[in-house]
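In: got a predicted structure here, sequence first:
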Amino acid sequence: MTDDLGLPVRIGAVRRVVSLVPSLTEAVAGTAPGLLVGATDWCTHPAELAVTRIGGTKNPDTARILALAPDLVLANEEENRLPDLDVLRAAGTPVWVTRIRTLDQGFASLERMLDEVCGLGRPAWLEQARAAWREVPVPDRPLRAVVPVWRRPWMVLGSDTFAGDLLRRLGVEPLHAGHPERYPAIPVAELNASRPELLVLPDEPYRFTAEDGPEAFPGVPAALVSGRHLTWYGPSLAEAATLLPAQLALRVG
């Protein structure tokens, strides 16, 4: 089989899985929790997840992962570093890498990973998420928005991002979607000069709040949204279809 990057992966029976991606951890745990034997420190959902923690997404303890003898390690092209994955591959551990930059890619990648790779079938939550997003109304006119993901320096959503695709479906057009970089660093004065109609502030990876973020964009209404629901692809997607529109409608400033 080949993963989302087109890399060949030789996979046998999958009974022990280590996940290096919070979204994928939640996806597997929501389908067959007994399959997971390891996950990163950032894998916070489900809250009751009891597995061996193997470090962060960018600095996993590869020796600890190998000691768990997984049949498969789940990774993502954006969240995990190639040198770490190469260590695992060199030790003979199959590594499946996902590439998800749109909602449709997310649904297809998750279905393939869970059904074809892990042999779990098509989970009910995945169909519920698809149905929920089919019910999202098509917006009349998108609002032009600045969508920061970090501060000091200010970094925003740029081109080809999963979060940007979700926002467009909800009537919000990230102003820097045409930027050559996916998460460009742009001075706040330049962001204000772009005359946004809306400021969208997620609570991760940087934790923006009503007191930390809106004050840098005077006169621009701001919406505080769940970063998990905006950026994770997994069971949270079903809830995101209704939660994110509600949060976008609540403005501060």
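Out: Cool, got the structure. Residues are numbered from 1 along each chain as shown.

In: Arg195: what's it in contact with?
Out: Arg195 makes contacts with Arg144, as judged by Cβ atoms under 8 Å, 6 or more residues apart in numbering. For glycine as for every other residue, the C-beta is placed from the backbone atoms N, C-alpha and C.

In: how about Val138?
Out: So Val138 contacts nothing (Cβ under 8 Å, 6+ apart).

In: do you know how far it is from Thr52?
Out: Remark: distance between Val138 and Thr52 (Cβ to Cβ, to the nearest Å) = 45 Å.

In: how close does Glu48 get to Val18?
Out: Where Val18 is concerned, Glu48 sits at a distance of 18 Å (Cβ to Cβ).

In: quick one, which of these two is more surrounded?
Out: The neighbour count for Glu48 versus Val18, taken as other Cβ atoms under 10 Å, is higher for Val18 (28 against 7).

In: surely the more buried one is in a helix?
Out: No. Under DSSP: H, G, I helix; E, B strand; the rest coil, Val18 sits outside any helix and is assigned strand.

In: which pLDDT does the model give it?
Out: Looking at Val18, its pLDDT is 98.

In: please enumerate the strands of the protein.
Out: 17-19, 36-39, 52-53, 72-76, 95-98, 143-146, 148-150, 155-156, 172-174, 198-202, 222-225, 251-252 (DSSP state E).

In: which strands and helices lie in contact with the second one?
Out: Here strand 36-39 is seen to pack against strand 17-19, helix 22-29, strand 52-53 when contacts are counted using 3 or more Cβ pairs under 8 Å, 6 or more residues apart in numbering; DSSP states H and E.

In: which stretch among those comes nearest Pro180?
Out: Set against Pro180 and scored by Cβ to Cβ, those come closest in helix 22-29, at 25.6 Å.

In: now that closest one: average pLDDT?
Out: Averaged across helix 22-29, the pLDDT comes to 97.

In: strand 72-76 and that helix, what's the angle between them?
Out: 140 degrees (axes from the mean of the first three to the mean of the last three Cα atoms, to 10 degrees).

In: so what secondary structure elements neighbour helix 22-29?
Out: In this structure, helix 22-29 makes packing contacts with strand 17-19, strand 36-39, strand 72-76, judged by 3+ Cβ pairs under 8 Å, 6+ apart.

In: ok, now which ones touch Asp84?
Out: So Asp84 contacts Leu20, Asn59, Pro60, Thr62 (Cβ under 8 Å, 6+ apart).

In: on contacts alone, who are the packing partners of the longest helix anywhere in the chain?
Out: Counting residues, the longest helix found in the chain (DSSP state H) is helix 236-249. Under the contact criterion of 3+ Cβ pairs under 8 Å, 6+ apart, helix 236-249 touches helix 124-134, strand 222-225, helix 227-231.

In: tell me which of those sits most buried.
Out: strand 222-225 (a mean of 23; mean count of other Cβ atoms under 10 Å).

In: which residues touch stretch 66-73?
Out: So stretch 66-73 is in contact with 11-20, 37-38, 52, 54, 65, 85, 88, 91, 93-96, 117-118, going by Cβ under 8 Å, 6+ apart.

In: residues near Pro202, how many?
Out: By the criterion of other Cβ under 10 Å, Pro202 has 25 neighbours.

In: beta partners of it?
Out: Taking DSSP bridges as the rule, Pro202 bridges to Val225.

In: go ahead and confirm it touches Val225.
Out: Yes. Because the distance of 5.3 Å satisfies Cβ atoms under 8 Å, Pro202 is recorded as touching Val225.

In: before we move on, back to that, now a ChimeraX select for only the buried ones of the contacts of stretch 66-73.
Out: Typed into ChimeraX, the line below selects the buried ones among the contacts of stretch 66-73, using 16 or more other Cβ atoms under 10 Å:
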select :14,16,17,18,19,20,37,38,54,65,85,88,93,94,95,96,117,118
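
In: alright, calling it a day.
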